[in-house]
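1. Fold the following for me, if possible:
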Amino acid sequence: MNGKNMSSKGTINRESVMKDANKLKKWGETKMTLYQLYLACNFLVLYFEEEQGMKLSKADKEKLHSRGDL
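-> Numbers count the residues shown, from 1 in each chain. Modelled structure (predicted):
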């Protein structure tokens, strides 16, 4: 995962992801870049961790990342 969105504990930095997500205002108007896809995946992880009470372990995140799902 991108180091700038990760804290030293291996969790996703909410402020950094939300700031980056604001760059996606033209979501439906442009082709998605890989970086935009990466940001969208980070946003979904935050949603499931915070809103749904689900916690992904660092190993789970690394497994998803290595498969290309995150």
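2. going forward, measure contacts between C-alpha atoms and count neighbours the same way
-> Will do.
3. where does this protein dip in pLDDT?
-> For the chain, the stretches flagged by pLDDT under 70 are 1-12, 24-32, 52-54, 56, 67-70.
4. quick one, longest helix in it?
-> Assignment by DSSP state H gives helix 34-50 as the longest helix of the chain.
5. Following the chain onward from that helix, which element is next?
-> For helix 34-50, the following helix or strand on the C-terminal side (DSSP states H and E) is helix 58-67.
6. for that next one, which positions count as buried?
-> Lys61 (16 or more other Cα atoms under 10 Å).
7. between that helix and helix 34-50, how many degrees?
-> Angle of helix 58-67 versus helix 34-50, following axes from the mean of the first three to the mean of the last three Cα atoms, to 10 degrees, is 150 degrees.
8. so what secondary structure elements neighbour helix 58-67?
-> Helices and strands touching helix 58-67, by 3 or more Cα pairs under 8 Å, 6 or more residues apart in numbering; DSSP states H and E: there are none.
9. any idea which element Glu15 lies in?
-> Glu15 belongs to helix 14-21, assigned by DSSP H and E.
10. now the longest helix of the chain against helix 14-21, angle please.
-> Interaxial angle, helix 34-50 versus helix 14-21 (the same axes, to 10 degrees): 140 degrees.
11. Show me which residues of helix 34-50 are buried.
-> For helix 34-50, the neighbour count (16+ other Cα under 10 Å) marks 36, 38-40, 42-43, 45-46 as buried.
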